[in-house]
Structures are given as C-alpha cells and as structure tokens.
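**Student:** What follows is a predicted structure for the sequence shown.
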Amino acid sequence: MQSTKAVELAKKARSEYFATLSKTEQSKRPYPLVAGSVGPYGAFLADGSEYRGDYDLTEAQYQAFHRQRMELLDYAGVDLFAFETQPNFNEAKALVDLLTVEFPEQHAWLTFSVKDSETLCDGTSLYEAIHYFDNIEQISAIGVNCTTLENIGDIVKNIRSVTDKKIIVYPNNGDIYDPVTKTWQKNPQADTFSDLVPTWLSAGADLIGGCCRTTPDDIKQISRIVNQ
C-alpha cells in the first residue's frame with residue numbers, strides 16, 4: 001500500500017506554523033498551500049534526462065507513468081499539483097491532458113527545465129510551450145525551475161510576452177554540480193537571490209522560490225524582498 005505520510009506531514013507542519021501567527025499576521029497573508037510534486041519521467045531514468053528531455057514515450061505511456069502518483073497525491077489532499085522540471089514538451093502535454101480529463105477539480109503549476117532562456121531542454125521553443133498552455137484554466141501558474149539564477153530575468157521577460165498567467169520561478173542557488181564526482185561545489189562568484197529577485201519582480205515574476213541547493217537563508221532573502 002502506498003503511503004500518504006509526506007503530504008500528511010506537510011499539512012501538519014503548515015497548520016502548526018499558521019497557528020503560531022497572531023490573528024493580525026494571519027489576516028495579512030494567504031493560508032499556505034501544499035503542492036504535490038510531479039516530476040518528469042527523465043528523473044526516473046536516473047541518467048540526467050530531466051536536463052536533456054531526450055526520451056520519447058507515447059501519451060498513454062506518459063500518463064500511465066504519472067497516474068498513480070497523481071491519484072495518491074490527490075487522495076492525500078494536496079492543494080494543487082506541481083508539474084515541475086519538465087524538459088519534454090510532449091510529456092508536459094500528456095500530463096496536462098491527464099489533469100484536465102481525470103482530475104477536473106484540481107489545479108497545477110507547470111515549470112519547465114530549459115536549455116536557455118528561449119528553449120526547453122528537448123529543443124522546443126519556450127514561447128511555443130507557454131502559448132500552448134496559456135488557455136488551460138487548470139494551469140494556475142507557469143514558469144521554470146532548476147536553472148541558473150542568471151537565466152531567470154530573461155526567461156521571465158520572455159514568458160510575460162506570451163501569457164498573462166502568474167509566472168513562477170525557482171532556480172538553483174548558484175552552486176556548481178560536477179556530474180563526474182556527483183558533488184556540488186560552492187561558487188564564490190555567483191549572484192545571490194538578494195541581488196536578482198528585485199529584477200525578476202520588475203520583469204513580471206509573481207511566485208519566487210528556490211530549487212537545488214537552496215537554503216533557509218536563501219528563502220529568507222527572497223521573502224524579505226518580496227514583502228518589502
């Protein structure tokens with residue numbers, strides 16, 4: 001039997017945190033949401049395909065791979081799905097079709113894994129991908145994750161040129177990954193969230209967070225700037 005413990009713990013932590021706030025503080029912010037992560041088929045392959053998108057399944061095969069996890073997350077009571085680190089346009093289309101047909105009461109955000117500021121990892125134009133999902137009501141926000149901090153500014157501008165949906169971005173924190181040793185190295189020259197978040201907000205980003213190697217201090221930086 002599959003466990004729903006992760007969602008239960010997230011919801012418990014959410015409730016406990018919100019209870020620590022004063023009534024005034026609670027009234028000033030939305031109740032936190034619990035998003036159920038639905039990552040790409042490429043991550044299952046464990047060969048880096050989530051950063052290449054170089055796999056090709058049928059729509060039915062993609063949906064069969066994702067269906068059970070989505071059913072379990074929905075049953076556990078997530079507030080929405082997080083379709084994230086999606087490098088393959090056809091997989092994203094299959095996921096969203098599954099959402100609209102089998103989970104009509106749910107919503108999702110959709111974030112892509114990108115090669116550069118205009119291209120998904122599988123070579124699809126970012127503009128084409130954003131435009132395709134623009135009119136799907138159940139996609140509440142759209143953007144990118146798991147890319148460099150420096151990519152985000154141009155990406156947000158490019159996405160905003162195609163859609164009025166909420167834009168969500170959560171890049172890596174600037175550390176450098178060595179695929180040979182499978183270790184992370186600190187990058188002393190990397191920009192910080194404090195350096196760049198103001199420019200992302202100006203470009204049109206609505207929801208900002210962090211992906212690989214993001215620390216609590218990074219999130220504090222983002223929160224401080226967003227709430228100024």
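**Tutor:** Looks like it came in fine.

**Student:** any idea where the strands of this structure begin and end?
**Tutor:** All strands of the chain, identified by DSSP state E, fall at 35-38, 80-86, 108-112, 114-116, 119-120, 139-145, 166-170, 176-178, 183-185, 207-208.

**Student:** could the ones you listed be laid out in TSV, adding mean pLDDT?
**Tutor:** TSV is the format used below for the strands of the chain (pLDDT from 0 to 100):
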stretch	mean pLDDT
strand 35-38	98
strand 80-86	98
strand 108-112	98
strand 114-116	96
strand 119-120	98
strand 139-145	98
strand 166-170	98
strand 176-178	81
strand 183-185	85
strand 207-208	97
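
**Student:** out of those, nearest to residue 228?
**Tutor:** Closest of the strands of the chain to residue 228 is strand 207-208, at 12.9 Å (criterion: CB to CB). Every C-beta, even on glycine, is put in place using the N, C-alpha and C of the backbone.

**Student:** Run through the neighbouring helices and strands of that closest one.
**Tutor:** Judged by 3 or more CB pairs under 8 Å, 6 or more residues apart in numbering; DSSP states H and E, the packing partners of strand 207-208 are strand 166-170, helix 193-203.

**Student:** just to revisit the earlier point, mind putting the strands of the chain in CSV, mean neighbour count and distance to residue 44 included?
**Tutor:** As requested, these are arranged in CSV below (neighbours: other CB atoms under 10 Å; distance: least, CB to CB, whole Å):
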stretch, mean neighbour count, distance to residue 44
strand 35-38, 19, 12
strand 80-86, 25, 12
strand 108-112, 26, 18
strand 114-116, 19, 20
strand 119-120, 19, 18
strand 139-145, 22, 18
strand 166-170, 23, 21
strand 176-178, 12, 19
strand 183-185, 11, 22
strand 207-208, 19, 26
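
**Student:** nearest to residue 45, of the ones you listed?
**Tutor:** It is, among the strands of the chain and with distance given as CB to CB, strand 80-86, at 12.9 Å.

**Student:** Can you give the strand pairings for that closest one, parallel or anti for each?
**Tutor:** strand 35-38 (parallel), strand 108-112 (parallel) (DSSP bridges).

**Student:** now those strands in CSV, with distance to residue 209?
**Tutor:** Listed next are those as CSV, based on distance: least, CB to CB, whole Å:
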stretch, distance to residue 209
strand 35-38, 10
strand 108-112, 10
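
**Student:** Nearest to residue 183, out of these?
**Tutor:** Of those, the one closest to residue 183 (CB to CB) turns out to be strand 35-38, at 23.8 Å.

**Student:** Alpha carbons of that closest one, as CSV, please.
**Tutor:** Coordinates of each C-alpha in strand 35-38 appear next as CSV, following Å, rounded to 0.1, in the frame of the first residue of the first chain:
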residue,chain,number,x,y,z
ALA,A,35,1.7,21.3,-3.6
GLY,A,36,2.2,17.7,-4.7
SER,A,37,5.4,17.3,-6.8
VAL,A,38,5.0,15.5,-10.1
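
**Student:** Now do the helix or strand of the chain with the lowest mean pLDDT: which elements does it pack against?
**Tutor:** One helix or strand of the chain scores below all others by mean pLDDT, DSSP states H and E: strand 176-178, with a mean of 81. Judged by 3+ CB pairs under 8 Å, 6+ apart, strand 176-178 is in contact with strand 183-185.

**Student:** Show me the contact partners of the strand it packs on.
**Tutor:** 175, 176, 177, 178, 212, 213 (CB atoms under 8 Å, 6 or more residues apart in numbering).
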